[in-house]
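**Student:** got a sequence here, can you model it:
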Amino acid sequence: MFNIFKPAAHKHLLPANRIDPEYKKLRLQVFLGIFIGYAGYYFVRKNFSFAVKDLQDVFGYSKAELGIAMSAISIAYGISKFLMGNVSDRSNARFFLATGLILSSLTMIFMGTVPFATSSVTIMFILLFINGWVQGMGWPPCARVVVHWFSIKERGTTMSIWNLAHNVGGFLVGPLAILGVELFMDWKAILYFPGMAALAVAILSIILIRDTPQSCGLPPIEEYKNDYPKTYKASQEKELSAKEIFFKYVLNNKLLWFIAIANAFVYLVRNGIINWAPTYLQEDKLFSASEAAWSASIYELAAIPGTLLCGIMSDKLFNGRRAPVTIIYMTLTLVAVLFYWLTPGEHKWIINLSLWTIGFLIYGPVMLIGVQALDLVPKKAAGTAAGLTGLFGYFIGDLLANAALGAIVDKSGWNMSFEAIAAACLFAILFTSFTWNKEKDFLKTR
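**Tutor:** Numbering: from 1, shown residues only. Okay, here's the model as predicted:
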């Protein structure tokens, strides 16, 4: 492993009177670092989609060809989040997160400034695959920071707030793309200008993030918060080998496999609804193009309060347990899906309310399954555990939501696709329920 990625060494403990003020200051600082840093990843993950129309107009690419190119990001990201998660578990989060963001930024700057980079679908696929791979270096170091700086009973709330970085970054990429085109009078600025902005964010993340409390002369978070899960041991503060992480704590952990499978179904529901919403609303519910666009946009905004509530509920009502809230949210999601599907087109306000309710609900389980993965393993295996759930979510759920549902609609119509989405809700509930009792015992405090 490169020396720059070596986990930060532990320092001598600070005097007792400095520990509390230093902990409070650094917890806020590192949280801002991972929030801003991860938002920056979205600048260079989502900007390619804004260039699709220009690529069609300039080069004559079809939507299918550009869709193939864009699929490279999901494929690479799903695999990378798992494998790079293991590397992240053995790395300094401060530099690991920034390195991934820098490499992703340079990839998109290259695509936007080098003439041949957009000259063929094959070249774009390769570049977007590289981008997707280094994008997998973003989530795991954030997980490493959270599990080291925030205890189990506050992680749900912390992660629900941090998860808003997805929404903030996804929102800002559009204005950045527009600003780039206006500044440089070049449509390719959609590709390279967000990359330039992301480079600045990477530098800021290095300034703000710190690897672990012990590297700052502070005690472990469990000691500081007096929040010890039953399985906690002081030896878990030592770095683990790749073999230990994979074979001792992740691959043989049945609970992780249950929630990873559940995550595939949750992603199928989330992306199956939103990716097809503009088309479905126009074809089946007689919405205009602008009405469908606004309905789909508000779906994303509705996720913000729903995600926050989800995390707070898991911490405050269920003492750090995640399964009960995931099951509650997915059950309500199923009800909202049925209303969205079965309501006649003339009742647009019910259709919109149902769609926005799905948006309010579905992002909570997406976030919470990631948090549950962090809870179920020692801190030093957090990135790998979350990467396993992400692998199932992106590589299986996301691809099924696009390819499989599209094929179902073509062959059997919208009703069959919604039967599949409703079934996915039930399977997500089923596999999450397998963790109900064991999670309760696993997270019992001393």
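
**Student:** all helices of the stretch 151-300 of the chain, in order?
**Tutor:** Per DSSP state H, counting those that start in this stretch, the stretch 151-300 of the chain carries helices over the ranges 152-162, 164-184, 189-208, 221-225, 242-243, 254-274, 277-283, 289-316.

**Student:** what helices and strands are in contact with the helix or strand of the chain with the lowest mean pLDDT?
**Tutor:** Averaged element by element with mean pLDDT, DSSP states H and E, the chain has its least confident helix or strand at helix 399 (a mean of 73). If you count contacts as 3 or more Cβ pairs under 8 Å, 6 or more residues apart in numbering; DSSP states H and E, helix 399 packs onto helix 63-89. Any C-beta I mention is one placed from the backbone N, CA and C, and that applies to glycine too.

**Student:** downstream of the helix it packs on, the next helix or strand is which one?
**Tutor:** The C-terminal neighbour of helix 63-89 among helices and strands, as given by DSSP states H and E, is helix 93-113.

**Student:** just the mean pLDDT for that next one, thanks.
**Tutor:** Helix 93-113 comes out with an average pLDDT of 97.

**Student:** re the thing from before, ok, and what's touching the least confident helix or strand of the chain?
**Tutor:** Residues from elsewhere that reach helix 399, judged by Cβ atoms under 8 Å, 6 or more residues apart in numbering: Ser71, Ser74, Ile75.

**Student:** just put those in a markdown table and tack on distance to Val269.
**Tutor:** Below are the contacts of helix 399 laid out as a markdown table (distance: Cβ to Cβ, whole Å):
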| residue | distance to Val269 |
| --- | --- |
| Ser71 | 20 |
| Ser74 | 16 |
| Ile75 | 20 |
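
**Student:** break this structure into its domains for me.
**Tutor:** When the chain is parsed with automatic domain parsing, its domains come out as 3-227, 244-442.

**Student:** worst average pLDDT in the ones you listed?
**Tutor:** Looking over these, mean pLDDT reaches its minimum on domain 244-442, with a mean of 88.

**Student:** how far does that one sit from the chain's center?
**Tutor:** Taking Cα atoms, centre = their mean, to the nearest Å, one finds the center of domain 244-442 at 12 Å from the center of the full chain.

**Student:** for the remainder of this discussion, apply numbering that starts at 393.
**Tutor:** That works, and once the first residue is 393, the last one we named lands at domain 636-834.

**Student:** from what I see, Lys617 and Arg547 are in contact.
**Tutor:** No - Lys617 is beyond contact range of Arg547, at 10.9 Å (criterion: Cβ atoms under 8 Å).

**Student:** so for these two, which sits in the more crowded spot?
**Tutor:** Arg547 (26 against 15; other Cβ atoms under 10 Å).

**Student:** correct me, but the more buried one touches Val537?
**Tutor:** No - Arg547 is not in contact with Val537 according to Cβ under 8 Å; the separation is 11.3 Å.

**Student:** could you measure from the residue nearest to Phe502 when sequence neighbours are not counted over to Ile467?
**Tutor:** Setting aside the residues directly before and after it, Phe502 is nearest to Ala509 in space (Cβ to Cβ, 6 or more residues apart in numbering), at 6.0 Å. Relative to Ile467, Ala509 is positioned 19 Å away (criterion: Cβ to Cβ, to the nearest Å).

**Student:** now swap in Val729 and tell me
**Tutor:** Counting by Cβ to Cβ, the gap from Val729 to Ile467 is 27 Å.
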